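1. structure for the following, please:
(one chain, ligands or ions: 1)
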Amino acid sequence: MNTSVGNRFGTPFNAPATTRPRDPAAPAWDHVAFEAQLREQGKSYHIHHPFNVMLNTGRATPEQIRGWVANRFYYQIAIPVKDAAVLSNCPDRAVRREWIQRILDHDGFEIGGVKDEGGIEAWIRLGIAVGLTREEITDLRHVIPAVRFAVDAYVNFARHAPWQEAVCSSLTELFAPEIHKQRLATWPEHYGWIESEGLQYFRNRVSQARRDVEQGLAVTLGHFQTRDQQERALEILRFKLDILWAMNDAMAQRYGADA
Ligand SMILES: O=C(O)c1cc(C(=O)O)c2c(n1)C(=O)C(=O)c1cc(C(=O)O)[nH]c1-2
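-> Presented below is the predicted three-dimensional model:
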């Protein structure tokens with residue numbers, strides 16, 4: 001795999017993909033060690049960002065919570081577009097059969113009398129529960145430019161990178177059940193003014209993210225085989241972690257963070 005030309009966003013400019021030296025003779029990690037390396041990146045997850053820490057320890061004002069929900073909505077609507085990009089680049093029918101579930105999870109569906117409103121609608125309900133109107137969420141008026149750029153970088157990466165790399169970039173979900181559980185554990189205690197029903201999105205995601213991770217990990221462990229490729233996978237995961245971190249930086253700058 002040639003990672004010396006092209007940056008980590010999959011666009012063709014001649015910057016090195018990484019500044020970290022790589023040892024070409026280093027042996028590949030076995031799956032257990034490689035997965036451990038991927039999980040190790042969780043130390044940079046946005047669960048540790050001061051803005052998130054503020055939100056999940058009860059120190060956020062209603063305005064800060066509303067700002068977060070309104071901005072994260074842009075991520076929520078980008079996810080199924082990103083997943084459609086993965087599908088469009090993937091020639092493997094077996095993978096597509098599973099991956100398509102992610103689009104249904106977020107967009108919802110009505111098939112043969114079975115109906116699911118989907119994650120985007122659940123997120124709007126969260127927004128309404130925290131005091132936003134449906135219109136001000138969906139017209140994106142609160143979305144900060146830097147949040148938009150960060151999220152767009154994720155979608156663009158999925159459009160232009162090999163589909164296995166896009167799959168790898170979804171692996172921040174390894175760490176997502178913990179952050180959803182954290183919200184479910186702390187928000188009712190600290191923010192009693194938010195109706196419990198508004199938190200349904202987080203309840204749904206705990207199991208959905210676990211299932212996503214199983215699939216994403218299987219593809220990643222199978223595809224990135226040499227040590228060089230495995231290092232590339234770590235780089236992709238760090239790129240995605242940076243996207244989430246940058247979103248939080250932008251929100252902290254706009255709404256303030258007390259930590
Ligand atoms: O609330 C969060 O902190 C958080 C983080 C992430 C993530 O780690 O990318 C996702 C989600 N939530 C989420 O709800 C979700 O559906 C989701 C899909 C993906 C992805 O990359 O395909 N990440 C995430």
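2. run a quick neighbour tally on the residue in the stretch 51-200 of the chain that the ligand sits nearest to.
-> Here the stretch 51-200 of the chain gets closest to the ligand at one residue, Thr172, 3.3 Å apart by C-beta to the nearest ligand atom. C-betas here are computed from N, CA, C, even on glycine. Per other C-beta atoms under 10 Å, the neighbour tally for Thr172 reads 24.
3. from Tyr75, how far out is the closest residue to it other than its chain neighbours?
-> Spatial nearest neighbour of Thr172, chain neighbours left out: Lys240 (5.0 Å); criterion: C-beta to C-beta, 6 or more residues apart in numbering. With distances taken as C-beta to C-beta, to the nearest Å, Lys240 is found 12 Å from Tyr75.
4. also Tyr154?
-> From Tyr154 to Tyr75 the distance is 8 Å (C-beta to C-beta).
5. Asp30 too?
-> Using C-beta to C-beta, Asp30 is found at 34 Å from Tyr75.
6. over to Val130?
-> Using C-beta to C-beta, Val130 is found at 16 Å from Tyr75.
7. which one of these two has more residues nearby?
-> Between Val130 and Tyr75, Val130 has the larger neighbour count (other C-beta under 10 Å), namely 22 against 19.
8. the residue nearest to Thr172 touches Leu174, doesn't it?
-> No: look at Lys240 against Leu174 with C-beta atoms under 8 Å: they stay out of range, at 10.6 Å.
9. give me the common contacts of these two.
-> Counting by C-beta atoms under 8 Å, 6 or more residues apart in numbering, Lys240 and Leu174 have no common neighbour.
10. the residue of the stretch 51-200 of the chain closest to the ligand should be in a helix, yeah?
-> Yes: assignment of Thr172 by DSSP: H, G, I helix; E, B strand; the rest coil places it within a helix.
11. so who does it touch?
-> When contacts are counted by C-beta under 8 Å, 6+ apart, Thr172 is found next to Tyr45, Leu237, Lys240, Leu241, Leu244.
12. change it to 10 Å
-> By C-beta atoms under 10 Å, 6 or more residues apart in numbering, the contact list for Thr172 reads 41-42, 44-46, 154, 179, 209, 213, 216, 237-241, 243-244.
13. these two touch, right, Cys168 and His223?
-> Yes: Cys168 is within contact range of His223, at 7.7 Å (criterion: C-beta atoms under 10 Å).
14. what is in contact with those two at once?
-> Common contacts of Cys168 and His223 (C-beta under 10 Å, 6+ apart): Pro162, Ala233.
15. higher neighbour count, the two?
-> Taking neighbours as other C-beta under 10 Å, Cys168 and His223 compare with Cys168 leading, 26 against 17.
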